[in-house]
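In: predicted coordinates and the sequence they were generated for:
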Amino acid sequence: MARPTTLFHLSDIHFGIEDNCALDWVRAEVERKKPDAVAITGDLTMRARTHEFAAAEEWIRSLPVPVTIEPGNHDLPAYYLPLRYLDPLARFEAFRDLVEQRLEMDGLAIVPLNTNVPAQPRFNWSKGWITEKALDACLSQIDSLPPHTRVLVTAHHPLREAGTRGTALTHNGNRALAALAKRKVLAVLSGHVHDAFDIMEATPNGPVRMIGAGTLSHRIRSTPPSFNELTWNGSELTVRVRNLEGVSSDDMMIDTVPEDAMPPREEGEPVAPVGRVPRTDPPLE
């Protein structure tokens, strides 16, 4: 029997307001258990500052296993709009080799799906938006894999599309889920909500499993900082939510994706959407 594949799924570290106790523990667990890979599903930083990215790079580079990173809405420059529009991933430069990287491991692949856009025709720019180009890129990568390869798709925003047109969590989420349901996708891994979840989402082409990781920052919502430990044995994908407080996985998981998938704001954090706060942030610090 082949050795099971183990993956650590992290999200929403938010360097700038990171929980260093939790991060030290996660790094020790990576060193101890040596997972096959670490997938980080966005919001590495709090405000996309260069010093936050520097701290993120130092910590991520210290992990002794392959890493793939999916950017989050907090990782796009918030106040310097030319950089946001022209090169939104510019501040990932020191570790851009890890951004949206496909990883392949013994019949299992991790494939990225970008859910971020520089601007949106709705008030809240923090929510997800899947462009046709981003979805096509994801599907093309999946379709190019060897036959019988199973897939984990990584995205920052949960692919839940609910509510009215203006408040839907992830625009084109339903379309993406329906397309993924036609492929050998085990689950879509995401973050953004700051609480873990493991739910099945119905589509016209069958259900798709959506797995969310919690936060490793002080910006918690309803559960303590955590990460997901995923195990694939060739026939079953299991999820264990790991946290320092020893709370069981079932108690850590929320049973749906809330429409207002945002944790409490920090003091002084802008209420207006990204890019509309009268504050300056130079392109390089």
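Out: Sure thing, it's come through. Numbers count the residues shown, from 1 in each chain.

In: distance check, the residue nearest to the spatial centre of the chain against residue 193.
Out: The residue at the geometric middle of the chain, judged as the C-alpha nearest the mean C-alpha position with C-alpha atoms, centre = their mean, is residue 41 (1.9 Å). Between residue 41 and residue 193 the computed distance is 11 Å (C-beta to C-beta, to the nearest Å). Yep, even glycine has a C-beta here, placed from its N, CA and C like the rest.

In: tell me which helix or strand of this structure sits lowest on mean pLDDT?
Out: The helix or strand of the chain with the lowest confidence, counting by mean pLDDT, DSSP states H and E, is helix 81-86 at a mean of 66.

In: where in the stretch 101-250 of the chain is pLDDT low?
Out: Screening the stretch 101-250 of the chain residue by residue with the criterion pLDDT under 70, one finds the ranges 162-168.

In: all the strands of it, residue numbers only.
Out: Taking DSSP state E, counting those that start in this stretch as the test, the strands found in the stretch 101-250 of the chain are 103-105, 108-112, 128-129, 150-154, 170-171, 185-194, 196-201, 208-214, 226-232, 237-243.

In: out of those strands, the one nearest residue 76 is which?
Out: Ranking the strands of the stretch 101-250 of the chain by distance to residue 76, with C-beta to C-beta as the measure, places strand 128-129 first at 11.8 Å.

In: who does that closest one pair up with?
Out: strand 170-171 (parallel) (DSSP bridges).

In: which residues are contacting the partner strand?
Out: Among residues not part of strand 170-171, those counted as contacts by C-beta atoms under 8 Å, 6 or more residues apart in numbering are 115, 120, 127-130, 157-161, 176.

In: which ones are touching the nearest residue to residue 205 once chain neighbours are set aside?
Out: Nearest residue to residue 205, sequence neighbours excluded (C-beta to C-beta, 6 or more residues apart in numbering): residue 181, at 3.8 Å. With contacts taken as C-beta under 8 Å, 6+ apart, residue 181 has the following neighbours: 203-208.

In: quick check: residue 229 touching residue 8?
Out: Yes - using C-beta atoms under 8 Å, residue 229 is in contact with residue 8, at 6.0 Å.

In: residue 63 and residue 8: what is the separation?
Out: Going from residue 63 to residue 8 by C-beta to C-beta gives 9 Å.

In: what do those two both touch?
Out: Taking C-beta under 8 Å, 6+ apart as the contact definition, residue 63 and residue 8 share the neighbouring residues 30, 38.

In: can you pick out the residue with more neighbours from these two?
Out: Taking residue 63 and residue 8 together and counting by other C-beta atoms under 10 Å, residue 8 has the greater number of neighbours (23 against 18).
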